[in-house]
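> return a 3D structure for these sequence lines:
(2 chains)
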There are 2 protein chains.
Amino acid sequence: MPTDRPQPDFVLVRPQMGENIGAAARAMWNFGLDRMRLVAPRDGWPNPSAVAMASGAGRLLDEALLVETLPEAVNDAHFVFATTARTREMTKPVVSPERAMQMAAEKIADGQRVAVLFGPERAGLENADVARANAIISVPVNPAFASLNLAQCVLLTAYEWRRATDDVVPEHVQMSDTDWANQSDIEALAAHYDARMDDAGFFFPEHKADSMRQTLRNFWSRMPLTTADTRLLHGILRQMVRWKDRGD
Amino acid sequence: MPTDRPQPDFVLVRPQMGENIGAAARAMWNFGLDRMRLVAPRDGWPNPSAVAMASGAGRLLDEALLVETLPEAVNDAHFVFATTARTREMTKPVVSPERAMQMAAEKIADGQRVAVLFGPERAGLENADVARANAIISVPVNPAFASLNLAQCVLLTAYEWRRATDDVVPEHVQMSDTDWANQSDIEALAAHYDARMDDAGFFFPEHKADSMRQTLRNFWSRMPLTTADTRLLHGILRQMVRWKDRGD
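Residues are numbered from 1 along each chain as shown, chains lettered A, B, ... in the order given. Prediction:
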């Protein structure tokens, strides 16, 4: 059974190659979508090429709703998006994939069902299909090379669904067994380097010493240091002193 | 020659299948990127399978910078992103593809060069590669099925680059030879229907007539009608009256 998770239905309209149906299933499941509908796949159904390509997402194919006509595939939908690369001679709202999936998330949270139509590989949706949609999704491709394939179009739309609905990874720093250095860690580090560099005669010539000290102190505060980093830097300095003391 | 357009360099690190290199080229060019770098492709270079797959984006392969080691590929970069599916035991900022390409756009506008690393198909980037990056890009995939392939990862990143930098299609309604109806168009339409429906005995029973009239009037204002729509609706009504008058 599909997950209970509320989500749009992705409807592949008259898809041609089984491989592309399988790749579309993988693209959906990569972003947590598992409700596929198939309208009159050219090579019949089930399709062994689709199964071979879907590895890991084969369940979506087993559970896909198979129908003969587009109206049957969207009868229960309250809002239908059509993906299309070409401009149509039709008065219709046009939205980006991002905006479309935000709208879908709002409608689905409101208890509505949303369907997204993807056309056959070669020619895309027919005007008669697009006329049934409430809005068009337009992917912002390079006008000089607009050659997204079916699975890629499914992938981008599924990605935007996940972005619109999931707690996606916020910007963060992944910390490996450490924590950010606090001011006392930084002060201790700065003092250690200041003292040893002074011993080493680094702050020379005399009239530049103050400015050099300030540059070095500022450097420590500019760096995003962890406590592990400060231990590493203390260790480097101590080792240099030991090396000097050994007098190799 | 690549376009002059400022853009990040996409670096494929030790890619394996030529087909995937070709598909990555297509994915890049779909979103207007044409600067590819290749580090030690497994099957040598040039690669006929890559060329066959890249149809329409073959120029990117001809112009790709081919190097033996990752440092050579990113020497001129001021900021390096690494795409990776796995968490690494490494302290490093982690950002979404969207945020990464916003950062890239800011840095590039500031005159810096930015590189994005994509690992080999099977195992992804090695820790030694990731250690050279300033930040990690994490695609928010389904944790139960994280199986993006190389070209898909390139596609999503290129898509986010275009979203971050181009005037992408804003939400709009594509109008086909028409314009929005204005209030006078709507009033005329409402009056026409009100009058004919009154003639037809639609507002019945009497005590509900006012509320029915208001419901109908409200309906017209809720609909996003174009002038072409109003002409269509006037025409339908006139035709119904003609049909009645013909007395078929």
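> now do the same for the most centrally placed residue in chain A: helix, strand or coil?
In chain A, the residue lying closest to the centroid (Cα atoms, centre = their mean) is A:Y159, at 6.0 Å. What DSSP: H, G, I helix; E, B strand; the rest coil gives for A:Y159 is helix.
> which ones are touching it?
A:31, B:139-140, B:156 (Cβ atoms under 8 Å, 6 or more residues apart in numbering or on different chains). (Glycine included, C-beta is placed from N, CA and C.)
> in helices, which of those fall?
Using DSSP state H, the subset of the contacts of A:Y159 located in helices is B:L156.
> export the contacts of A:Y159 as JSON lines, with columns for distance to A:F145 and neighbour count.
Shown next, in JSON lines, are these (distance: Cβ to Cβ, whole Å; neighbours: other Cβ atoms under 10 Å in any protein chain shown):
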{"residue": "A:F31", "distance to A:F145": "25", "neighbour count": "26"}
{"residue": "B:V139", "distance to A:F145": "23", "neighbour count": "23"}
{"residue": "B:P140", "distance to A:F145": "27", "neighbour count": "20"}
{"residue": "B:L156", "distance to A:F145": "17", "neighbour count": "26"}
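> walk me through the domains of chain A.
A:9-165, A:183-247 (automatic domain parsing).
> can you list those in CSV and add mean pLDDT and distance to B:D43?
Below are the domains of chain A laid out as CSV (pLDDT from 0 to 100; distance: least, Cβ to Cβ, whole Å):
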stretch, mean pLDDT, distance to B:D43
domain A:9-165, 94, 22
domain A:183-247, 91, 40
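> winner for burial among those domains?
Among these, ranked by average contacts under mean count of other Cβ atoms under 10 Å in any protein chain shown, first place goes to domain A:9-165 (a mean of 20).
> mind checking what secondary structure A:E89 has?
For A:E89, the secondary-structure state derived from three-state DSSP is coil.
> my guess is it meets B:S176, correct?
Yes. Using Cβ atoms under 8 Å, A:E89 is in contact with B:S176, at 4.9 Å.
> returning to that earlier point: and the domains of chain A: which comes nearest B:E171?
Comparing those by their distance to B:E171 (Cβ to Cβ), the top pick is domain A:9-165, with 4.9 Å.
> from the middle of its chain, how far away would the closest one be?
In terms of Cα atoms, centre = their mean, to the nearest Å, the centre of domain A:9-165 is found 18 Å from the chain centre.
> got CSV for the contacts of A:Y159, with distance to B:N47 too?
Output for the contacts of A:Y159, formatted as CSV (distance: Cβ to Cβ, whole Å):
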residue, distance to B:N47
A:F31, 30
B:V139, 26
B:P140, 32
B:L156, 24
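> quick check: closest non-adjacent residue to A:V141.
Closest residue to A:V141 apart from its sequence neighbours, by Cβ to Cβ, 6 or more residues apart in numbering or on different chains: B:N30 at 5.2 Å.
> quick check: the one you found touching A:S147?
Yes. Counting by Cβ under 8 Å, B:N30 sits close enough to A:S147 to count as a contact (6.2 Å).
> so what sits against both of these two?
Here B:N30 and A:S147 share the contacting residues A:V141, scored by Cβ under 8 Å, 6+ apart.
> name the element A:D210 belongs to?
Element membership for A:D210 (DSSP states H and E) is helix A:206-222.
> give the next helix or strand downstream of that helix.
Per DSSP H and E, helix A:206-222 leads on to helix A:227-246 as the next helix or strand towards the C-terminus.
> the strands in chain A, which residues?
A:9-13, A:36-39, A:65-67, A:79-83, A:92-95, A:114-118, A:135-137, A:172-174 (DSSP state E).
> buried set for the last one?
Taking 16 or more other Cβ atoms under 10 Å in any protein chain shown as the basis for neighbour counts, the residues of strand A:172-174 that come out buried are A:Q174.
> what does that strand contact?
Outside strand A:172-174, the residues that reach it (Cβ under 8 Å, 6+ apart) are A:224, B:87-88, B:90-94, B:136.
> also the first one?
Contacts of strand A:9-13 from elsewhere in the structure, counted by Cβ under 8 Å, 6+ apart, are A:21, A:24, A:28, A:33, A:35-41, A:65, A:70, A:73-74, A:77, A:113-120, A:125, A:129, A:150, A:154, A:157-158.
> next: the fifth one.
Taking Cβ under 8 Å, 6+ apart as the criterion, the residues outside strand A:92-95 that touch it are A:81, A:103, A:130, A:133-138, B:169, B:171-174.
> next up, the contacts around A:E72.
Taking Cβ under 8 Å, 6+ apart, one finds A:V39 in contact with A:E72.
> what residues are up against A:R163?
Taking Cβ under 8 Å, 6+ apart, we find A:R163 in contact with A:98, A:101, B:98, B:140.
> now do 7 Å
Contacts for A:R163 were tallied using Cβ atoms under 7 Å, 6 or more residues apart in numbering or on different chains; they are B:P140.
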